[in-house]
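*Asks:* 3D model of this:
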Amino acid sequence: MATQGSIVREKEVAGGEGRPEMQGGARGALASTIMGDISEWRKLRDSDYQEQWDEYYAKWRGFWLPEHRAYKTERSKLISPLTSMAIDLTTAEIIEAVFGREYFVDLPDNIGDEDPSDMEFVRKNLVNDLKAEDFVNQFGLIVLNGCLYGNGICKIQVDVKIVKKPYRKESGELIAEEVEEVCIKPIAIEPGQFVGDPTQAEIDNMKGCAHEFHANIQNLRRKQQEGTYYKNVSIMESTKPMTSPNRGDSPAGDRRTKKNTAFITEYYGLVPTRQFLAATAEANGSELPDEMIQAVPATDMTEVIATIVNEHSLLRVIENPLITGERLVLSYQHESVPGRFAGRGVAEKGANLQRAMDAEMRSRIDAMAWSNNPMFAGDLTRMPPGSNLSAWPGKFWGTRGNPSEVIQEFKISGPDQNTYAHMQELERMGQQATGALDSASLRQGMRDETATGSAIAASGVIKRSKRTMYNIETFMSKLVMRVARLKMQFDEQRYPQDYEFRVRGTLGIMAREIETQFMVNLLQVVGGDSPAGMPIIQSIFEHSSSPVKQEVLAALKAMQEQEPSPEEQAAKAAQLQQPVLDNKKTEAEIMKIMAEAGLKDALEDGERLELELKPLEINLEQTKIINDLQETSNQVRQLDIQEAGLTLEARKIEKMGPSNSK
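*Replies:* As a prediction, this is how the structure comes out:
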């Protein structure tokens with residue numbers, strides 16, 4: 001279907017007095033089952049949120065409503081821009097965070113895949129196709145709804161369109177050929193157009209949900225002729241109101257009806273399998289036997305997409321086309337509220353301060369009206385009959401007597417000067433409440449004007465937006481993954497069927513600026529000529545928003561490719577060091593030769609000395625032998641002397657005789 005519904009087109013509200021007459025047969029029974037749930041869900045939604053949404057929308061657009069009065073006598077209709085500024089700043093921050101790069105998503109392949117290059121091919125095609133299919137604008141509307149109402153909701157739409165592609169024949173003639181293309185893109189859904197199961201906080205866990213909107217009857221009938229919708233369904237004009245009466249679009253509220261349109265309910269969710277089979281069989285002109293229908297368990301449910309016109313006639317029902325069974329409706333909460341589907345948006349966070357700011361502004365303007373416009377009191381008995389008591393410049397007052405005694409001016413003092421300070425304080429508190437700070441507000445009260453001081457001042461804002469950015473990243477991952485899987489399923493030529501991959505998003509602009517400053521400081525420490533210098537420079541430009549960012553990155557990449565690899569650098573360094581090594585080797589060989597030559601000379605000198613000392617050693621040995629012989633001769637001589645003495649002693653004893661001996 002064509003793009004339906006956005007915050008810019010105002011909110012469309014379903015409902016109406018009385019229950020419409022339902023279509024008969026199996027298709028009517030299925031439509032009745034679906035609309036029975038949706039009617040109850042819609043009543044609960046409107047009772048809980050309709051009044052708040054009307055106020056948020058009116059304050060964002062700057063529309064005044066009687067119920068916005070702070071007191072009964074209030075005359076001013078001014079609306080403070082606090083909510084509008086906070087929503088616009090937050091939306092711009094998120095859009096820049098997501099689309100600040102050429103490729104706003106990355107699709108890394110799963111670890112076990114042997115060929116990860118296919119996902120790089122898919123990423124390039126996906127980003128180009130999404131940009132061509134108005135993805136950026138639709139995502140901006142989703143984020144705007146999230147900031148305004150607390151929930152960003154979208155559906156993934158699958159269309160087959162006929163496009164004419166020119167090409168030149170061999171003869172040189174330029175002709176256009178009609179080609180069918182599958183267009184898969186998200187469509188923003190305003191929360192006032194969304195009806196969901198209130199018992200669940202996540203769409204994937206709901207029994208079902210629906211997108212309600214007005215569609216042009218001619219487009220619906222054209223789709224019937226094309227076979228998208230059932231041809232035997234009569235499409236009548238709807239009289240349902242287009243917008244809520246309390247949006248403030250006009251003083252009396254916008255109660256117009258949209259002419260030549262039908263009210264469409266597009267349901268995504270579970271239906272009884274029995275009813276689904278019977279309805280599809282009836283649409284094909286056949287009827288299933290009761291035995292076959294009864295064979296299906298009554299508790300079996302089927303995930304379908306059903307289109308119902310004017311709340312009673314089934315235009316189409318098909319099974320969920322996504323092969324993985326994932327629902328084609330997604331949402332995110334701007335700030336998560338535990339256990340609730342509805343999130344907390346920027347307008348809700350600043351609602352009380354918006355009311356206080358409006359009351360302060362209006363009271364000041366009303367007080368200025370009293371002080372700036374002159375008021376007079378007069379003695380009517382002394383005024384001419386029928387006198388015009390209005391005052392204007394150059395007015396002549398005719399009096400009976402002294403005018404100073406007949407007419408007296410009343411002067412009321414102006415508004416309290418403290419209201420200026422009050423309004424500034426309320427603005428500051430509003431910025432704190434919503435977390436939306438511009439650069440001027442961020443620097444107020446900041447003493448340290450250095451880059452580090454700026455980073456510290458911005459760190460608090462970034463920390464506050466972490467939850468929102470995480471919700472956006474999670475939503476973006478689910479959305480891109482489901483769109484990519486649908487494209488793989490319906491366009492096999494451009495998208496290889498590799499369903500196992502991941503999705504990576506981007507950082508916020510303020511966080512990116514701080515990280516860039518950190519990289520700049522790090523580059524000053526390590527130096528641009530170091531091995532880490534080039535990766536840091538690339539990271540700086542990747543985080544920038546420069547219009548020539550891609551050209552600079554391409555030039556850096558070319559420079560990096562021209563630079564030799566570490567192996568080549570090592571080989572080149574080794575080649576440069578080779579002459580030095582050769583010289584050192586030659587010197588070592590020379591030293592070795594010299595050392596060997598010196599050792600040879602030392603050996604020759606030793607041999608020569610040994611030859612010279614050898615006769616001396618022989619003489620010394622001979623002298624030693626002679627000395628030994630002399631010593632031995634002396635010892636023999638002493639022994640001979642001792643023996644001679646003993647002989648003389650023996651002779652002396654013999655001469656003395658035996659008697660002497662007695």
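*Asks:* state the pLDDT value of residue 327.
*Replies:* As predicted, residue 327 sits at a pLDDT of 91.
*Asks:* where does it land in three-state SS?
*Replies:* Assigned state for residue 327: coil (three-state reduction, DSSP: H, G, I helix; E, B strand; the rest coil).
*Asks:* that one: neighbouring residues, count only.
*Replies:* 22 (other CB atoms under 10 Å). In this view, the C-beta of every residue, glycine as well, is placed from N, C-alpha and C.
*Asks:* hmm, it is touching residue 304, no?
*Replies:* No. Using CB atoms under 8 Å, residue 327 is not in contact with residue 304, being 10.7 Å away.
*Asks:* what ranges do the helices span in the stretch 51-200 of the chain?
*Replies:* 82-99, 117-132, 135-149 (DSSP state H, counting those that start in this stretch).
*Asks:* any idea which of those gets closest to residue 389?
*Replies:* helix 82-99 (40.8 Å; CB to CB).
*Asks:* now the angle from the closest one to helix 117-132?
*Replies:* On the basis of axes from the mean of the first three to the mean of the last three CA atoms, to 10 degrees, helix 82-99 is oriented at 140 degrees to helix 117-132.
*Asks:* state the mean pLDDT of helix 82-99.
*Replies:* Regarding helix 82-99, the rounded mean pLDDT is 85.
*Asks:* run the chain-centre distance for stretch 365-372.
*Replies:* With CA atoms, centre = their mean, to the nearest Å as the basis, stretch 365-372 stands 49 Å off its chain's centre.
*Asks:* residue 104 contacts residue 98, correct?
*Replies:* Yes. Look at residue 104 against residue 98 with CB under 8 Å: they come within range, at 5.6 Å.
*Asks:* look at the two and report which has more neighbours.
*Replies:* Of the pair residue 104 and residue 98, residue 98 is the one with more neighbours under other CB under 10 Å, namely 22 against 19.
*Asks:* measure the more buried one to residue 332 for me?
*Replies:* For residue 98, the distance to residue 332 (CB to CB, to the nearest Å) stands at 12 Å.
*Asks:* any common contacting residues for those two?
*Replies:* residue 472 (CB atoms under 8 Å, 6 or more residues apart in numbering).
*Asks:* check what pLDDT residue 255 gets.
*Replies:* 44.
*Asks:* can you check residue 12 too?
*Replies:* pLDDT, read off for residue 12, is 33.
*Asks:* just the one 4 residues further on next, same as before
*Replies:* pLDDT for residue 16: 38.
*Asks:* for the strand or helix carrying residue 517, what is the average pLDDT?
*Replies:* Residue 517 is located in helix 509-526, with elements delineated by DSSP states H and E. Summarised as a single mean, pLDDT over helix 509-526 is 70.
*Asks:* for the helix or strand that comes right after it, packing partners?
*Replies:* Proceeding C-terminally, helix 509-526 gives way to helix 533-542 as the next helix or strand, assigned by DSSP H and E. Where contact means 3 or more CB pairs under 8 Å, 6 or more residues apart in numbering; DSSP states H and E, helix 533-542 is packed against helix 509-526, helix 549-562.
*Asks:* give me the most central residue, this structure.
*Replies:* residue 473 (3.9 Å; CA atoms, centre = their mean).
*Asks:* gap between stretch 77-96 and the chain center?
*Replies:* With CA atoms, centre = their mean, you get 20 Å for stretch 77-96.
*Asks:* pLDDT below threshold where in the stretch 401-550 of the chain?
*Replies:* 420, 436-464, 498-514, 528, 543-550 (pLDDT under 70).
*Asks:* now do the helices in it.
*Replies:* Remark: helices assigned in the stretch 401-550 of the chain by DSSP H, counting those that start in this stretch are 403-406, 418-434, 439-443, 451-464, 466-490, 509-526, 533-542, 549-562.
*Asks:* tell me the most buried of these?
*Replies:* Of the helices of the stretch 401-550 of the chain, the one with the most neighbours on average (mean count of other CB atoms under 10 Å) is helix 466-490, at a mean of 19.
*Asks:* what angle sits between that helix and helix 82-99?
*Replies:* 50 degrees.
*Asks:* pull the distance from helix 466-490 to the chain's centre.
*Replies:* Worked out by CA atoms, centre = their mean, helix 466-490 lies 10 Å from the chain centre.
*Asks:* next, the angle from it to helix 135-149.
*Replies:* Using the same axes, to 10 degrees, helix 466-490 lies at 140 degrees relative to helix 135-149.
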